[in-house]
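1. Here is the input, now give the coordinates:
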Amino acid sequence: MNQNLQHILTLEPLTLAQIGKIVSSNNKIVLGQDCIDRVTVNRNYLEAKISQDNKTIYGINTGFGSLCDTIIPQQGLEELQRNLVLSHSCGTGPAIPQQIAKIVLLLKIKNLSLGCSGVRISLVERLVNMYNEDMIPELFEMGSLGASGDLAPLAHLAATMLGEGYVNHKGNKISAKEALEILGEEPFILGAKEGLALLNGTQFSTAYALYSVLEANRLLSLANHTAAMSMDAFMCSLDPLDEDIHRVRNQRGQIAVAAEIRGLLVGSQLAGHGRYSVQDPYSFRCVPQVHGASHDAIAYASDIVEREINAVTDNPNIFDREDKILSGGNFHAQPIALALDFLAIALSELGSISERRTYVFLGANRELPSFLIADAGLNSGMMILQYTAASIASQNKQLCTPASVDSIISCNGQEDHVSMAANAGTKCYRVVQNLKSLIAIELILSAQAKDFRKGVTSGSVVESMHASFRSTVPFIKSDMYSKDLIVGAEAFVEKWNA
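-> A predicted model of the protein is given here:
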């Protein structure tokens, strides 16, 4: 990727495709003039309001949470913001993947650049500089309740601006102080409202949601391609894909999946047309219905996430044109929590039906050898690969217990309902990784089964996919170190694009 390419952030909303391109590239970002002007005007308005001694504004000249009635004198406003960041930097658990942390930073920049948070443009520019120079704050999995913002994780992000904590720079963990030296910057001195603006917001939860929906859309297509190869390798009837069946049910995802798989199997010589059974097992016959339901759930989650990445989610909100400073609850991540829980269930189901196809392949059905290996008995073949798939599919089911139905009262009762979106995000991330492994295992078995159909070809797309997979994972003639198969298949899944 050309390191000199730039993406200009403007006040216009970003689409999932646009932000996906930014996330997947190493391109630098710059603030558009419209963002610079909007942020500057918004800050000037706030400073004018603060200068009115009789004006009390939550989080600007008051304490936080249940301390909202404690008035802070003018000379203590900077210390108030610094103390907020330091006291809230109490995340724990594993450090989150650097890829996700970079998305958090990007989303925080987008959020503040909309000019409703009352921060100085210099603060946004400092975050942009960190992003462009690959100074990615070290954030931790645990600490956010998904309301009042993702406070603890975002406090760790803010703390690095002050020279506290750690960042990952070009693959190396360094102190935030060292990072500032590399950037040629002094520790940032937060002005009124700025610490709160950094900590308030759903960017931690939304970063996990963004990653998950981008991967979900890619993995859904791969799951359809993999199912198509499995259907051919198992010599299934094409009747369940007939357009009329799906037309009369009129579920959009089902119709779309059936159409995609019909297209993938055009020209196949393997389709059994009832040769082996009047009806195929559900895990093959009901692919459009099951994958289609996940298709619709992914579409729902994608829509929610696209709205959230373009949203103002801190508090209070500064409306200079309307002459209002309003305290509300845009930091509450309930929309993201529900979407993440639903998305995790949808992805788990893609993995669950994949594992069932894996199981069916091993039963010496339809002239395929037992456990898809010659000399079964002497060789165990693919037997334990299915065990592994079953273990992963079962863990996904356990991870699908919704986080969003939980709430714990905090802050002396002031924050009496929370979303737990951050926990939904970290769980969904694990479901995504598990789904990659499940598809990888199905691909191993599907390709192996297809190779036993000598002299008979599938459609051109499936044949091309099979050939590409075989350049990474070999046909198994006798037992080998199976972990190497999984590693190769997972690498194929990770790089695959339709």
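
2. For the helix-or-strand element of the chain with minimal mean pLDDT, what is the distance to the chain centroid?
-> Lowest mean confidence among the helices and strands of the chain (mean pLDDT, DSSP states H and E): helix 77-88, at a mean of 88. Put simply, helix 77-88 sits 30 Å off its chain's centre (C-alpha atoms, centre = their mean, to the nearest Å).

3. what sits up against that helix?
-> Helix 77-88 is contacted from outside by 50, 60-61, 63-64, 72, 151-152, 155, 158-159, 162, 164, 189-196, 198-199, using C-beta atoms under 8 Å, 6 or more residues apart in numbering. Every C-beta, even on glycine, is put in place using the N, C-alpha and C of the backbone.

4. His7 against Asn26, yeah?
-> No: counting by C-beta atoms under 8 Å, His7 does not reach Asn26; the two are 11.0 Å apart.

5. Quick check: phi and psi at His7.
-> Dihedral angles of His7 (phi, psi; degrees, to the nearest 10) stand at phi -120, psi 130.

6. Which pLDDT value belongs to it?
-> Each residue has a pLDDT score; the one for His7 is 94.

7. Who is it paired with across the strands?
-> Taking DSSP bridges, one finds Ile29 as the beta-bridge partners of His7.

8. And it, how far from Ala467?
-> In this structure, His7 and Ala467 are 36 Å apart, going by C-beta to C-beta, to the nearest Å.

9. So those two - more neighbours on which side?
-> His7 (16 against 10; other C-beta atoms under 10 Å).

10. Domain-wise, how is the chain divided?
-> Listed by automatic domain parsing, the domain ranges of the chain are 6-201, 209-495.

11. just checking, which of these comes out with the lowest mean pLDDT?
-> Set side by side, these differ in mean pLDDT, and domain 6-201 is lowest with a mean of 91.

12. circling back to that earlier point, what about the contacts of helix 77-88, which are in helices?
-> If you go by DSSP state H, the contacts of helix 77-88 have Ile50, Leu151, Ala152, Ala155, Ala158, Ala159, Glu194, Gly195, Leu196, Leu198, Leu199 in helices.

13. In CSV: the residues you listed, plus neighbour count.
-> Formatted as CSV, the ones in helices among the contacts of helix 77-88 follow (neighbours: other C-beta atoms under 10 Å):
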residue, neighbour count
Ile50, 19
Leu151, 30
Ala152, 21
Ala155, 26
Ala158, 30
Ala159, 22
Glu194, 28
Gly195, 29
Leu196, 28
Leu198, 30
Leu199, 28
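
14. So which of those is the closest to Ser237?
-> Ala152 (53.9 Å; C-beta to C-beta).

15. right, and the closest one touches Glu141 too?
-> No: applying C-beta under 8 Å, one finds Ala152 not in contact with Glu141, separated by 10.0 Å.

16. Which neighbours do these two have in common?
-> Going by C-beta under 8 Å, 6+ apart, residues that sit against Ala152 and also against Glu141 are Gly91.

17. where exactly do the helices run in the stretch 101-250 of the chain?
-> Taking DSSP state H, counting those that start in this stretch, the helices of the stretch 101-250 of the chain run over residues 121-132, 151-161, 176-183, 194-199, 203-233, 243-247.

18. Next, format those as TSV and append distance to Val418.
-> Formatted as TSV, the helices of the stretch 101-250 of the chain follow (distance: least, C-beta to C-beta, whole Å):
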stretch	distance to Val418
helix 121-132	26
helix 151-161	11
helix 176-183	28
helix 194-199	15
helix 203-233	11
helix 243-247	41
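
19. Deepest-packed of the ones you listed, please.
-> Greatest average neighbour count among the helices of the stretch 101-250 of the chain goes to helix 194-199 (a mean of 29), per mean count of other C-beta atoms under 10 Å.

20. That concludes my questions; thank you for your assistance.
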